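Asks: Can you look at this prediction? I've put the sequence above it.
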Amino acid sequence: AYHDKSIEGKLVADFLAELSNENTTTEAYLLPDEELLMIEDDYWTLYFDDASNQKGCGVGVLVVIPEGAHVPISVKVDFEATNNVTEYEACIVGMESAASLGAKHLRVFSDSSLIINQISRKWKVRSTSLSIYQAHLDQIAEKFEEIEFTYLPRDDNQFSDALAKLASMLNIPNEMDGMNL
C-alpha cells in the first residue's frame, strides 16, 4: 500500500498545532518557585601568571567581574626576582586590583601549585623572602568577605600567561615609568 508521507506529516503538524491551542499557556511550562532556582553569583574571578625572559620579568592578571567584563592587566617587574617571587607579585597585583574595583567575593586561579597551596595554607612557606609576600597577601585577603584559591592547569591559564609575557618583553623608557596612558 502506498502512503503519502507529506499528507501524514501535515496531519501530525495539524494535530500538534491544535493541541497547543487547547488550554495551554506559557504558564504551564514554568517551574513552581522558579525564582528559587536562580542563584546570583556575585563572585569575581582572578587569573594570574608570571613570565621571565632575557628582557626581564612581568606579571599578567585577568580580572573577570560577575557581569562578564574582563579587565586585563600587564605589569613589568622592574627588579630581579625569582619565578616564585614574580608569581606572588602577580597574585598581589591581581588581588589589589580586584579589591580596588569593588570585589567582595573572589575566586583566584593560577597554574602555580606552590603559590596556590601556600596561599591556601595547605603548604608551609619555608622561604623567609616568600613569607613576607604571604603576610602581605593575608592583609589583602582581609578586604574580601570570601576568597577561594584554586590550582588551574597551565593550558587553562593562557590569557594571563600571554599578558605576563607581554609585560616581560616591554622596555619602558624611564621617563614613561609610572605614567598613566
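Replies: Noted; the coordinates are in hand.

Asks: could you show me where the strands are in the protein, in order?
Replies: 44-53, 56-64, 70-77, 105-110, 146-151 (DSSP state E).

Asks: Let's have those strands in CSV, adding mean neighbour count.
Replies: (Glycine included, C-beta is placed from N, CA and C.) Below are the strands of the chain laid out as CSV (neighbours: other C-beta atoms under 10 Å):
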stretch, mean neighbour count
strand 44-53, 24
strand 56-64, 24
strand 70-77, 18
strand 105-110, 21
strand 146-151, 16
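
Asks: would you turn these into a markdown table with mean pLDDT and distance to Leu170?
Replies: Formatted as a markdown table, the strands of the chain follow (pLDDT from 0 to 100; distance: least, C-beta to C-beta, whole Å):
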| stretch | mean pLDDT | distance to Leu170 |
| --- | --- | --- |
| strand 44-53 | 85 | 11 |
| strand 56-64 | 86 | 7 |
| strand 70-77 | 86 | 5 |
| strand 105-110 | 94 | 22 |
| strand 146-151 | 93 | 28 |
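
Asks: Please produce JSON lines containing those, extended by distance to His136.
Replies: Shown next, in JSON lines, are these (distance: least, C-beta to C-beta, whole Å):
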{"stretch": "strand 44-53", "distance to His136": "14"}
{"stretch": "strand 56-64", "distance to His136": "14"}
{"stretch": "strand 70-77", "distance to His136": "15"}
{"stretch": "strand 105-110", "distance to His136": "15"}
{"stretch": "strand 146-151", "distance to His136": "14"}
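
Asks: Count the residues that sit near Ala135.
Replies: 10 (other C-beta atoms under 10 Å).

Asks: Can we start the residue count at 29 from this point?
Replies: Got it, the first residue is 29 from now on, which makes the last one we talked about Ala163.

Asks: and the gap between it and Ile147?
Replies: 11 Å (C-beta to C-beta, to the nearest Å).

Asks: Flag the helix or strand of the chain with the lowest per-element mean pLDDT.
Replies: helix 62-65 (a mean of 51; mean pLDDT, DSSP states H and E).

Asks: ok, what's across the strand from the closest residue in space to Leu180 that isn't next to it in sequence?
Replies: Leaving aside its chain neighbours, Leu180 sits nearest to Phe137 (4.2 Å; criterion: C-beta to C-beta, 6 or more residues apart in numbering). Under the criterion DSSP bridges, Phe137 forms beta bridges with Tyr75, Thr178.
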